[in-house]
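[1] what follows is a predicted protein model with its sequence.
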Amino acid sequence: MNRHMQYLASQAVAGKLSRRDFLGKAAALGFTAVSANLLLSSTAKAAGPQKGGTIRLGLQGGSTTDSLDPALVTNTVGLMVTRLWGETLVELAEDGGIEGKLAESYEASDDAKTWTFKLRSGVTYSNGQNVTAEDVVKTMERHSGEDTKSGALGIMRGIKDVRADGDSVVFELDSPNADLPYLLADYHLIIQPGGGMDDPAAAIGTGPYIMKSSDMGVRFVAEKNPNYWGDLGNADTVEIIVINDDTARVAALQSGQVDVIDRVPPRTAKLVERAPNITVHSTSAAGHYVFIMHCNTAPFDNNDVRLALKYGINRQEMVDKILNGYGTVGNDTPINASYPMYTELEQRQFDPDKAMHHLKKSGHDGAILLRTSDNSFPGAPDASALFQQSLAGAGIKLDVKREPNDGYWSEVWNAKPFCTSYWGGRPTQDQMFTTAYLSTADWNDTRFNNEQFDQMLVAARGELDVAKRTQMYADMSTILRDEGGLICPMFNDFVEATTDKVDGFVEGIPGQVLMNGYAASKLWVKA
Amino acid sequence: MSPIVKLLAQRVALSLLLLLLISVVIFAGTIVLPGDVAQSILGQSATPEALANLREELGVNDPPVERYFAWLFGAMQGDLGTALTSGQDIAEALSSRFWNTLFLAFWAAVVAVPLAIFLGLLAVRFKDRWPDKLISAVTLASISIPEFLIGYVLMYFIAVQLRWAPSVAMINDSMNLFEKLNAIALPVAVLTLVVLAHMMRMTRAAILNVMQSAYIETAELKGLNAFQVIYRHAFPNAIAPIVNVVMLNLAYLVVGVVVIEVVFVYPGMGQYLVDHVSKRDVPVVQACGLIFAAVYIGLNMVADIVAILSNPRLRHPK
């Protein structure tokens, strides 16, 4: 990169040159917009975060029926608001590992059944109270009680006992689980004074911001917590506005009313990107759009039929046309590179000849019925039509039946043998497999029943040797790819956008939307 | 009792009766919805014990008539119950949103009503000439386009391109009146375009109707100019139908702005109702239904009262 370009970039970062002028000059010097943008953001990062100002976020997924109680958070707005005022024991790090939040450090017993988390000392809540180990115990009790409505109940089930031990908290598990820290990073498990038993929606926590006003489904305002222990939080004020309408959200960004938005519709993302003051960010994530077959129902009980369908789908075409390029191809396993112990498997390609070969071998003839609805994932009926066409090229007839949106999740998904669906992904392989591919899983929506797979899953959970575990997960993914009932053509990215008023956006942070929910406290307002 | 007072009393009584009947319909309607309330709150994870507990808590086991009267008397005293989803007091949660909706409707009316009547008069004055045709064409076009599309178009040009007004019509207590008006400029513009045609055409038709009368001919023969004839002689006699259509549109501005509130993210009743319908929060839906019905009936009552008062035959009983 030549010196002149670097000089221009530093001028742009210092605000002496507008982004538009910078890009124009860069283009004149023969740089592409992408490389110029990269230089700009790396220069900005070198300049470091700036303090002060107001960051405004326009977010989809908030409702007047929401609550500030972390146990009841179900949507993006709830996640982002909770991240402002509250913190968990540990958190997913930017590299996919685990970093301490309220817990300074943690260690497991050799059998991975007893875990000890040492609390950071001297941390106070926004009401001035000190954080104690009892608070952590109470918090866990509130989320695991029999009558709790907490979204974290499922992950609390394997925990037998939680107790305070001085400034440490000890977790006793039913069976070994090397992934416990990942479970405790769940965004519901915000540590609250007294576990939040008295007033769970009081929004009193240890986060970088303090809530000033909360109007559910409308608007939230938070100000910097002067006593925050860590280095999160650049802006003085964060404002979150709920904008559920796609067009209105994009317009609010374009008109400069908000600085950050989530869920840019892939269909229009390329157009949005053309605006001079806007950058679209795409983060590959664990969410995937799928076609699921019941492995115990004819004709899908024959693995050759399943393989025929898997070879007969054009994955790249799906990513290009359904996601408009904002995604990556899948490989018929729910695991992709966003998982911590990922191993790349050989990619299955679209191969009409192999598809035909496997169908002939299966002895099945006649049409196959696929059910779909827009409710299963955006563009599912279009994706089904594409699938129909690519299979026709292999001489396989697919009938597509469009089901009503209403009741799709109760009448079709997990009920009918072949349909379109969506998975949001989980932070670890263990959680993803346990949720959907264990024979006894709550949501075994492919009716996958494989003894070897089940045994490996339980064994991997207790395995503390990372190399061995990684190999086990690769083997499990291979089994799913070759024998499972899942056709996973694509992983959908999080597509988000910022104006050039803010900087510091990092693409590719694993976890939830908008830099794992930390965009509000990690971005900064440019001077 | 003078006939005019008697008529008014009758009209008010009729409105109250109508509101009462509607309250029955709203209540019965939410009861006959498929599945019961407890089932829709708990969803698929409902266990028989949880269902029984929740039914008990909601008082669903009491006879419907008893529940209806309990609800009605509560509502009459301003107690609309508590929302099932958030446990908030509904009357409290609704009041600020109701005022927001009224605020938006009020300013839309302040712009739309005089404009519609003025354009109506103008159309009559230049009947069948180009101003009349232009006004008709523009207002009919704007009423024919779906309101969300008008909203998006205005948003694109006025908020994104020109930056004259914000695209998100977020108002809150810390804003002064001028800031609030700036915030709601776009939704007010859309609502104006949506209701303009109806009121304008009704004004035009009512005045043209009056213009056929013999006394208009007399006025013209007296040598009054066209505007004076319309303004002094025709307009007062067309007030009743005009007020009628104005009230109907005012009611629409209050109860029919759901789409606009969602598009412009305006914190009014519409968004609140939509969220609670999708969560099957029945008490909130009932409360919103009742308030909307009251607004509608109230405004229609006002229209009728104006019609009665503007009728000289009633003002001067024989």
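    In hand now; what should we look at?
[2] pLDDT below threshold where in the chain?
    No chain specified, so I'll use chain A. A:1-3, A:10-20, A:33-34, A:40-47, A:406-407 (pLDDT under 70).
[3] to clarify, I was referring to chain B.
    B:1, B:32-48, B:50, B:58-60, B:314-318.
[4] quick check, central residue of it?
    Residue closest to the mean C-alpha point of chain B, counted by Cα atoms, centre = their mean, is residue B:251 at 2.2 Å.
[5] which stretch of helix or strand covers the residue in the stretch 1-150 of chain B positioned nearest to chain A?
    Closest contact between the stretch 1-150 of chain B and chain A, by Cβ to the nearest Cβ, is at residue B:85 (4.0 Å). Any C-beta I mention is one placed from the backbone N, CA and C, and that applies to glycine too. Using DSSP states H and E, residue B:85 sits in no helix or strand.
[6] how about the residues of the stretch 201-318 of chain B near chain A?
    B:262-265, B:267, B:271-272, B:275-276, B:278-279, B:281 (Cβ under 8 Å from any Cβ of the partner chain).
[7] quick one: buried ones out of those residues?
    With burial judged by 16 or more other Cβ atoms under 10 Å in any protein chain shown, the buried subset of these is B:262-265, B:267, B:271-272, B:275-276, B:279, B:281.
[8] in strands, which of those residues fall?
    Using DSSP state E, no member of these sits in strands.
[9] out of those, which comes closest to residue A:225?
    Closest approach between these and residue A:225, by Cβ to Cβ: residue B:267, at 26.6 Å.
[10] ok, the residue nearest to that closest one when sequence neighbours are not counted - contacts?
    Nearest non-adjacent residue to residue B:267, counting by Cβ to Cβ, 6 or more residues apart in numbering or on different chains: residue A:218, 4.5 Å away. Residues in contact with residue A:218 (Cβ atoms under 8 Å, 6 or more residues apart in numbering or on different chains) are A:62, A:64, A:241-242, B:170, B:265, B:267, B:271.
[11] and these as TSV, adding distance to residue A:426?
    TSV is the format used below for these (distance: Cβ to Cβ, whole Å):
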residue	distance to residue A:426
A:62	23
A:64	29
A:241	30
A:242	26
B:170	35
B:265	32
B:267	35
B:271	32
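[12] so can I have JSON lines of the residues of the stretch 201-318 of chain B next to chain A showing distance to residue A:98?
    Output for these, formatted as JSON lines (distance: Cβ to Cβ, whole Å):
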{"residue": "B:262", "distance to residue A:98": "40"}
{"residue": "B:263", "distance to residue A:98": "42"}
{"residue": "B:264", "distance to residue A:98": "42"}
{"residue": "B:265", "distance to residue A:98": "37"}
{"residue": "B:267", "distance to residue A:98": "39"}
{"residue": "B:271", "distance to residue A:98": "39"}
{"residue": "B:272", "distance to residue A:98": "40"}
{"residue": "B:275", "distance to residue A:98": "36"}
{"residue": "B:276", "distance to residue A:98": "39"}
{"residue": "B:278", "distance to residue A:98": "36"}
{"residue": "B:279", "distance to residue A:98": "35"}
{"residue": "B:281", "distance to residue A:98": "39"}
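[13] so which of the residues you listed belong to helices?
    Taking DSSP state H as the definition of helices, these contribute B:262-263, B:271-272, B:275-276, B:278.
[14] tell me which two of those sit farthest apart.
    Using Cβ to Cβ, those span at most 18.9 Å, a distance reached by B:263 and B:276.
[15] for chain A, what lies in contact range of chain B?
    Counting by Cβ under 8 Å from any Cβ, chain A sits next to chain B at A:58, A:63-67, A:213, A:215-219, A:241-245, A:247-248, A:251-252, A:254-258, A:410.
[16] can I get the buried part of the residues you listed as one ChimeraX selection?
    Those of these that count as buried under 16+ other Cβ under 10 Å are selected in ChimeraX with:
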select /A:58,63,64,65,66,67,215,216,217,218,219,241,242,243,244,245,247,248,251,252,254,255,256,257,258
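[17] which one is the residue of the stretch 1-150 of chain B closest to chain A nearest to, not counting chain neighbours?
    residue A:65 is the one closest to residue B:85 (Cβ to Cβ, 6+ apart), at 4.0 Å.
[18] tell me which element the one you found falls in.
    Going by DSSP H and E, residue A:65 is not part of any helix or strand.
[19] pull the contacting residues for it.
    With the criterion set at Cβ under 8 Å, 6+ apart, residue A:65 makes contact with A:216-217, B:83, B:85-86, B:275-276, B:279, B:281.
[20] if we use 10 Å, what do you get?
    Taking Cβ atoms under 10 Å, 6 or more residues apart in numbering or on different chains, we find residue A:65 in contact with A:72, A:216-217, B:83-86, B:88, B:272, B:275-276, B:278-279, B:281, B:284.
[21] name the nearest residue to residue A:289, ignoring sequence neighbours.
    Per Cβ to Cβ, 6+ apart, closest to residue A:289 is residue A:377, 4.3 Å.
[22] so that neighbour touches residue A:327, yeah?
    No: counting by Cβ atoms under 10 Å, residue A:377 does not reach residue A:327; the two are 11.1 Å apart.
[23] the more surrounded of the two?
    residue A:327 (24 against 21; other Cβ atoms under 10 Å in any protein chain shown).
[24] could you give the bridge partners of that one?
    When assigned by DSSP bridges, residue A:327 has beta-bridge partners residue A:492.
[25] tell me the contacts of it?
    So residue A:327 contacts A:266, A:282, A:284-285, A:287-289, A:318-320, A:489-493, A:495 (Cβ under 10 Å, 6+ apart).
[26] out of the residues you listed, who's nearest residue A:109?
    residue A:285 (32.8 Å).
[27] next, count neighbours for that closest one.
    Counted with other Cβ under 10 Å, residue A:285 comes out at 23.
[28] and for residue A:414?
    Residue A:414 - counted by other Cβ under 10 Å - has 17 other residues nearby.
[29] SS state for it?
    Classification of residue A:414 by DSSP: H, G, I helix; E, B strand; the rest coil places it in coil.
[30] likewise residue A:222?
    Per three-state DSSP, residue A:222 ends up strand.
[31] can I assume it is in contact with residue A:207?
    Yes: assessed by Cβ under 10 Å, residue A:222 is found in contact with residue A:207 at 8.5 Å.
[32] against residue B:7, how distant is residue B:313?
    Plainly put, residue B:313 is 11 Å away from residue B:7 if you go by Cβ to Cβ, to the nearest Å.
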